[in-house]
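1. build the 3D model from these lines:
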Amino acid sequence: MYICTVLIIVFAAYNFTLTLQRPPLVTGLSPLALAVNGSLPSVLYAAGWLWMGWKNGRGRAWARILSSVFFALFCGVIAYEWVKFPDSLAHLKSPAIYPPTLLVWVIALAAIILIWHPRSAPFYRRRPPKTVPGVEPAQNESGT
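-> Below is the predicted model of the structure:
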């Protein structure tokens with residue numbers, strides 16, 4: 001998941017510089033405004049990957065489920081874009097658009113497979129809370 005974060009940031013920076021170099025496609029907006037507007041979702045997406053990697057790395061079972069849901073949404077977005085823009089499959093040669101997305105998708109698929117592998121199950125099982133030596137655990141109000 002951390003690899004996806006790095007890739008997303010690198011590709012967002014690449015798209016940012018490409019957008020600054022191209023003439024604006026939308027009238028009334030500067031190339032800088034378009035570049036920032038196009039890069040902001042990538043930064044938020046990278047932050048989500050970083051957070052999911054951190055929580056999965058700590059063995060949180062809910063993070064494994066949430067990562068799977070986000071991956072399913074990611075697959076849905078890719079499928080929607082390819083159905084909405086069928087000629088986009090012919091543009092796979094464009095280095096700024098689809099190969100980075102496909103690379104992130106393959107790595108994300110590998111991460112999902114690994115976090116749901118049966119050998120990963122013990123890592124995600126609930127563990128008792130850590131106690132500090134010499135400190136008694138707190139008792140509830142009834143004293144039991």
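
2. so where's the protein shaky on pLDDT?
-> 15, 19-20, 22-29, 31-38, 85-98, 127-132, 134-144 (pLDDT under 70).

3. now do the helices in it.
-> Counting by DSSP state H, the chain has helices at residues 2-21, 31-57, 61-84, 98-115, 121-124.

4. mind listing what's buried in the third one?
-> Okay, so that is helix 61-84. Ala63, Arg64, Leu66, Ser67, Phe70, Phe71, Phe74 (16 or more other Cβ atoms under 10 Å). In this view, the C-beta of every residue, glycine as well, is placed from N, C-alpha and C.

5. any idea how far Gly76 is from the residue nearest to the second one when sequence neighbours are not counted?
-> Once flanking residues are discounted, Arg64 sits nearest to Ile115: 5.0 Å by Cβ to Cβ, 6 or more residues apart in numbering. When distance is defined by Cβ to Cβ, to the nearest Å, Ile115 is 19 Å away from Gly76.

6. same deal with Val6?
-> Taken as Cβ to Cβ, the span from Val6 to Gly76 is 24 Å.

7. what's the answer for Ile113, then?
-> Taking Cβ to Cβ, one finds Ile113 at 18 Å from Gly76.

8. mind listing what Thr101 touches?
-> Thr101 is in contact with Ile78, counting by Cβ atoms under 8 Å, 6 or more residues apart in numbering.

9. one more: Trp116?
-> Arg64, Ser68.

10. phi, psi for it please.
-> phi -100, psi 0 (degrees, to the nearest 10).

11. roughly how far does it sit from Phe70?
-> 14 Å.

12. Pro118 now?
-> Look at Pro118 and Phe70: by Cβ to Cβ, they are 22 Å apart.

13. do the same with Ala12
-> 18 Å.

14. do Tyr14 as well
-> 23 Å.

15. what about stretch 112-126, how long is it end to end?
-> The first residue of stretch 112-126 is 20 Å away from its last residue (Cα to Cα, to the nearest Å).

16. can I get the helices of the chain in a markdown table with distance to Pro133?
-> What follows is these, written out as a markdown table (distance: least, Cβ to Cβ, whole Å):
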| stretch | distance to Pro133 |
| --- | --- |
| helix 2-21 | 33 |
| helix 31-57 | 26 |
| helix 61-84 | 27 |
| helix 98-115 | 33 |
| helix 121-124 | 25 |
